[in-house]
Each structure stands twice: as C-alpha cells, then as structure tokens.
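Here is the input, now give the coordinates:
(2 chains)
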Amino acid sequence: MSTVRVRFAPSPTGGLHLGGVRTILYNYLFAKQNGGKFILRIEDTDQSRYVEGAEQYIFDCLEWCGLIPDEGVVQGGDYGPYRQSERKALYAEYAERLVTEGKAYYAFDTTEEIETMRTTLKSAGKNSLQYDASSRTSMRNSLTLMPEETKTLLQNGTPYVIRLKVEPTERVAFDDLIRGHIELELAVVDDKVLLKADGMPTYHLAVVVDDYLMKITHAFRGEEWLPSAPVHILLWKYLFGLDNMPKWAHLPLIMKPDGNGKLSKRDGERLGFPVFALQWPDASGNMQAGFKERGFLPEAFLNMLAVLGWHDGTEQELFSLEELIEKFDLDRVHVAGAKFDFEKAKWFNAEWIKKLPTTNLIPYVKKVLVEENIHLKDDDFLVKIIDLVKERCTLFPDFYEQSKFFFVSPVEVDTASIQPKWNADKVDFFNSFTQKIEDIANWTAESIEATFKEEVVQHGIKPGELLMPFRIMLVGAKYGPGVFEIAALIGKEETKKRIEFTLKALV
RNA sequence: GCCGCGUUGGUCAAGGGGUUAAGACGCCUCCCUUUCACGGAGGAGUCACGGGUUCGAUUCCCGUACGUGGUACCA
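Numbering: from 1, shown residues only, chains lettered A, B, ... in the order given. This next block holds a predicted model:
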C-alpha cells in the first residue's frame, strides 16, 4: 500500500471561505489519520482573476488554523513546482499528446463565432448549446479543417485552444468515497477546453496532470465538481490509465443560512457574520472581518467546520484537532448540503473558551484589551480576571465588556437603577461600610463579604437591598461576577473610591 | 430546458422495516445565583408528498414536488 497523498489546490482569486477551509480540513484529517502527506498547490491558471496577496492569504489561513502542509508551495517537495503557472509547459505537452493520439483537437473559433453558434442552435430550438460532437463539425477546428490549413494557422500564430474530443456514446462510472457508485453519460458533456489561448491549462487538464505527477492517491473536493468528473475520468483514461486515478470524494456544500444557494463570499456582509477565516476585502474594497478578527479560537472554528457535514455518531460535539484526526471517517460524511448557523458557531467558541486552560487564552484577551487602551498589569492579575469572566464570554471582544471595570473605574454608573429605592439608611450603611473596610487587614473576597454581612445586620436592612447598589458602584451596571470577588481584585482603595463616587452622584 | 446530487423539528443531526424517532444550537418555563452569565431540571417543535412491496414503512422500490449543483478559453 503506497503512502496516502492528498492535496488542496486553491486559486488565488479571493479569500478562503468556509467551504474551502472545510475541504482543506477534511483533506488534512484524512492524510494525518493515514500517516500520509497533505500537499498544497496553487491553481493560478486563471491569471485574469489573480488577486495580489491572495496566495499569502492562503498560507496565513492555514497557519492560523494549524493545518500545515507537508509539501507544497511553501514547504517545497520532490514534485514541484507547486504553482501551476510555473508548470505551464508541462500541461501543453500533455495536451499536444492528446491531439497526436486523436483524443483532442485544435479549435480556432473566436468567442464571437462560438456565440453565433449558440444563438443559431438556440433559434433552431436546440436544448444543448454546447461545443460538442454535434456542433464541432460546423466549427473551425483541426477536425474540420484540412491538415495543411491547420498547420498554416498554427504557424501563423493564430490563437487556438485545445479541446477534448468527447465521444458521446461512451458512459463513465466511478465510485465516490462518500456517494457510492455514480454513472454518467458523456452525451451531456461538451468538448472541454483543456488548454486556453494564453497557453494556460484549464482546471480539468491541470488537476489530472498534477494529481498524476504528484502521485495523489485521494482527492476531495466540493460537490460542485461532480458534473465534471466524467471529463477527468476520460483524461485519466487517455493519459495515465484508470488504475492510477485517485479515489474521489465529493463533499457536500455549505449553504446560506437563509434562503437558497451555496454560501458565497458576499453573504457575510449581507447577513452580518464572517465567511472568511481571516479578514479579506469585499468587492468594494472594504475589509470584512474573518472568524479570527471576530474573536474566534482556531480550535472552535475547526471544530465547528468539522461537524458541519460530518458526525461521529456519538453525542460528542467538541473535538480537538487530534481527536478529529483519530475519529474522522469519510463514511460518516453527509451527502446533503448543510446550512451554516452562526449561532451554533458562536456556541462552539464559548465552549472552547471554557474548555481551554486559561493560560492559552491570555494572548487573545490581551490583544482585545490592549486595543481598547487598557493598561495591563502582570499576567497573574489577568489570569484571575479571565477565570472570573470567561464563562460569560462567547467571542473574545466580550472580554472587554466583561472585564473593563477591573482596570478602570466605570465612567457611567447606572444610578437610575438605584435611585428609586435609595434612602438615608442606605447612605448610612455605605458610609459605615467604607469605614469598616479600612480595618480589613487581609483583603480577600471572604473577608470583604464577612464585613459586608456584619454591617448589613447592624443596619437592619435586607442584604438584597444593598448588594445591587454595591455592584453598580463597582461595575457601573447590573452584570459581572461576584461583587466581593471584584472588590477583592480591584483593591481596597479603588473600592472605597467607587463607593464614594456613586454616593456623591446619588445625592 | 437538459444532466447530476439530495430531502429526519427553525438549524446541525442520530437512527434505518416494529423505537416513547437520540443528542446539540436556538426558543420558552422553572431552579441555582440577592446581578448577568455558567450550570441544572423541564417544555414546544420533525421523518416532503403520492403510490407500491410488506402483517407492518421514517427506513426498501417507483414516481411527483421541492431544494441544490453543473451546463464557460471560472475554478
């Protein structure tokens, strides 16, 4: 049994969105669980749509997710180059070989001529407007032209493409790792362009040639590729033999949460959630926050993506990357598309924030707080705070709201919530309480609470009447962890200061 | 239009001839917390439709509907 080799081949035309990352993830999991190699190549065959920086972006995404290729554009390897633009000559060679063997042909038709052909077919009431066995005989290609004419055209540098000669009577079949046996008629596929006029291969030629030369054993891709599988099978048959063809798995699509259709890069903006792993500009050039920028943990992001279309059959929902490698099973990948649910995605993040050791969270929380101009003391202090508030946080920006009062006195205090029931007795209470805390030698949540309770008894007021005002004094509003915990952490002086501040505001 | 793939609560889903049809997110109620969350206990809500096959279909078969993908010198 040869080594499992899988690959992912993104095109540098835009940000990596959910479907793409999930395909990478499944590829990665499969490779790792079989002790194989995960290879990254770049499909920059459509240079008209090439976007500057998109390639680096792909590397950055992989790094953030922790899905590092074993071989490829960055790491190198024995089967390079891994960028298709650098393999241009290679593809042309195979395309020529197909022409020589009568499996493909040169086509000199211009875009306008093809347009004309289609309108003619349409007005004739034809359903199929394809460049195929039925229409190629009336087009300008090496099948219809005299050999000398073709030769002259080529010598004159006339632009041409190489098209696959699809025999409509053939049928092809293959076994999909997820969907089982699939049979397709070639009558419905057109004579696909293999080599474009600019000398670049189309996806169809490139994927087959690269998969062969890079010894790929298993190929995972989105379901949208299923209809073109016959083309690839034909190419394998003509070029390298069906026995060498990788096993295919067509993954279900990730769909829009509302309405219909597969999730697209524009949906994030429209629906208010990220669709990219990392930030990426939208069509109008505005930067769209990715999962990273929105405050997701890569662990949560990967976990959420893994179970969108795959389920391990038990009740477990939280999986680390190591567990995913161990448990992932192609047989348990769904056949139907899944709608993306941002609420559930957030839940995964909240779970991972609770699950991960606090020390792992420090860098993320620090970043958020520093961006809010919070002056941070030592890590020990931060760890105590994180422990206190982390179960109240879903995304990292929540840490700011949930912990800012540990660092700065509340600017706005919600006195309106205290005012209605405020009276002289309560003022007395807080005045004597501020006196009493002077004497607390060991400033801990327990001692503060004990002192507070004693005072409450002395004044004969219900504790509930006083706890909320106290909280509002310290936090500024009605939320947060235990009041005595907060008082303990911010210190005696700060506690006094905040009580006195609010007392004045309430007059 | 044609071809492919699909269809279990609002969403993710387990199950696969006989089940009270798991579980999770979200929603609702209550408990805990003299706050907000976390946690706990409950609740509402589902097998697209029509025919077969069968003693019995959510499950198997065939249709229909609906969804979705493809039908490019895009990937």
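
and A:Pro12, what is it in contact with?
Contact analysis of A:Pro12 by CB atoms under 8 Å, 6 or more residues apart in numbering lists A:42-44, A:50-51, A:54-55, A:57-58. Backbone N, C-alpha and C define where each C-beta goes, glycine included.

Report the buried members of those.
Burial by neighbour count, judged by 16 or more other CB atoms under 10 Å, picks out A:42-44, A:54-55, A:57-58 from the contacts of A:Pro12.

related to what we said a few turns ago, which one among the contacts of A:Pro12 gets closest to RNA strand B?
Comparing these against RNA strand B with CB to the nearest atom of the strand picks out A:Glu43 as the nearest, at 3.5 Å.

what about the nearest residue to that closest one once chain neighbours are set aside, distance to RNA strand B?
On the basis of CB to CB, 6 or more residues apart in numbering, the spatially nearest residue to A:Glu43 that is not a chain neighbour turns out to be A:Ser11, at 4.3 Å. Separation of A:Ser11 from RNA strand B (CB to the nearest atom of the strand, to the nearest Å): 4 Å.

Next: A:His17.
When A:His17 is compared with RNA strand B (using CB to the nearest atom of the strand), they lie 12 Å apart.

For the residue nearest to that residue when sequence neighbours are not counted, the count of nearby residues, please.
Ranked by CB to CB, 6+ apart and with sequence neighbours excluded, the top spatial neighbour of A:His17 is A:Val275, at 4.7 Å. A total of 27 residues lie near A:Val275 under the criterion other CB atoms under 10 Å.

who's in contact with A:Val275?
Here A:Val275 is in contact with A:17-18, A:263-265, A:267-268, A:288 (CB under 8 Å, 6+ apart).

re the thing from before, could you work out the most separated pair of the contacts of A:Pro12?
The two members of those with the most space between them (CB to CB) are A:Glu43 and A:Tyr57, at 14.3 Å.

mind exporting the helix or strand containing A:Glu299 as CSV, just the C-alpha atoms?
Secondary-structure element containing A:Glu299, defined by DSSP states H and E: helix A:298-306. Provided in CSV are the C-alpha atoms of helix A:298-306 (Å, rounded to 0.1, in the frame of the first residue of the first chain):
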residue,chain,number,x,y,z
PRO,A,298,-9.0,28.4,15.7
GLU,A,299,-9.9,25.3,17.8
ALA,A,300,-13.5,26.3,17.8
PHE,A,301,-13.5,27.3,14.1
LEU,A,302,-12.1,24.0,13.0
ASN,A,303,-14.4,22.1,15.4
MET,A,304,-17.5,23.9,14.0
LEU,A,305,-16.4,23.3,10.5
ALA,A,306,-15.6,19.6,11.0
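
near RNA strand B, which residues of the stretch 1-150 of chain A show up?
A:9, A:11, A:13, A:43, A:45-46, A:48-49, A:109-111, A:114, A:127-131 (CB under 7 Å from any atom of the strand).

6 Å - rerun?
A:11, A:43, A:45-46, A:49, A:110-111, A:127-130 (CB under 6 Å from any atom of the strand).

of the residues you listed, closest to A:Glu299?
Taking CB to CB as the measure, A:Ser11 is the one of these closest to A:Glu299, at 27.6 Å.

separation between that closest one and A:Ala197?
With distances defined as CB to CB, to the nearest Å, the gap from A:Ser11 to A:Ala197 amounts to 19 Å.

Read off the pLDDT value for the residue of the stretch 301-450 of chain A found nearest RNA strand B.
With CB to the nearest atom of the strand as the measure, A:Ala336 is the residue of the stretch 301-450 of chain A nearest to RNA strand B, at 3.1 Å. pLDDT recorded at A:Ala336 is 94.

any idea which element it lies in?
Assigned by DSSP H and E, A:Ala336 belongs to no helix or strand.

Near RNA strand B, which residues of the stretch 201-350 of chain A are found?
Residues of the stretch 201-350 of chain A lying close to RNA strand B by CB under 6 Å from any atom of the strand are A:202-203, A:223-224, A:226-228, A:253, A:260-262, A:307-309, A:311, A:313, A:315, A:317, A:332, A:334-339, A:341, A:343-344, A:347.

Give me the buried subset of those.
Burial of these was assessed by neighbour count (16+ other CB under 10 Å); the buried members are A:202-203, A:223, A:253, A:262, A:307-309, A:337-338.

just to revisit the earlier point, by neighbour count, which of the residues of the stretch 1-150 of chain A next to RNA strand B wins?
Counting neighbours by other CB under 10 Å, the top entry in these is A:Thr45, with 24 neighbours.

my guess is it meets A:Pro10, correct?
No: when contacts are counted by CB atoms under 8 Å, A:Thr45 is not listed as touching A:Pro10 (11.8 Å).

burial count for A:Met146?
Under the neighbour criterion other CB under 10 Å, A:Met146 is assigned a count of 9.

Dihedrals phi and psi, it?
Dihedral angles of A:Met146 (phi, psi; degrees, to the nearest 10) stand at phi -70, psi 150.

can you check A:Leu145 too?
Note on A:Leu145: its backbone torsions stand at phi -80, psi 160 [degrees, to the nearest 10].

Hmm, it is touching A:Thr152, no?
No: under the criterion of CB under 8 Å, A:Leu145 is not in contact with A:Thr152, lying 9.3 Å apart.

Show me which of these two is the more surrounded one.
For A:Leu145 and A:Thr152, the more surrounded residue by other CB under 10 Å is A:Leu145, and the numbers stand at 18 against 12.

nearest spatial neighbour of the more buried one, skipping sequence neighbours?
Here the nearest residue to A:Leu145 in space, its sequence neighbours aside, is A:Leu153; by CB to CB, 6+ apart that works out to 7.4 Å.

Not counting the helix holding A:Glu299 itself, show me its contacts.
With CB under 8 Å, 6+ apart as the criterion, helix A:298-306 contacts A:18, A:21-22, A:25-26, A:29, A:64-67, A:277, A:291-292, A:318-321, A:324, A:328, A:344-345, A:348-349, A:351-353, A:356.

Good, wrapping up.
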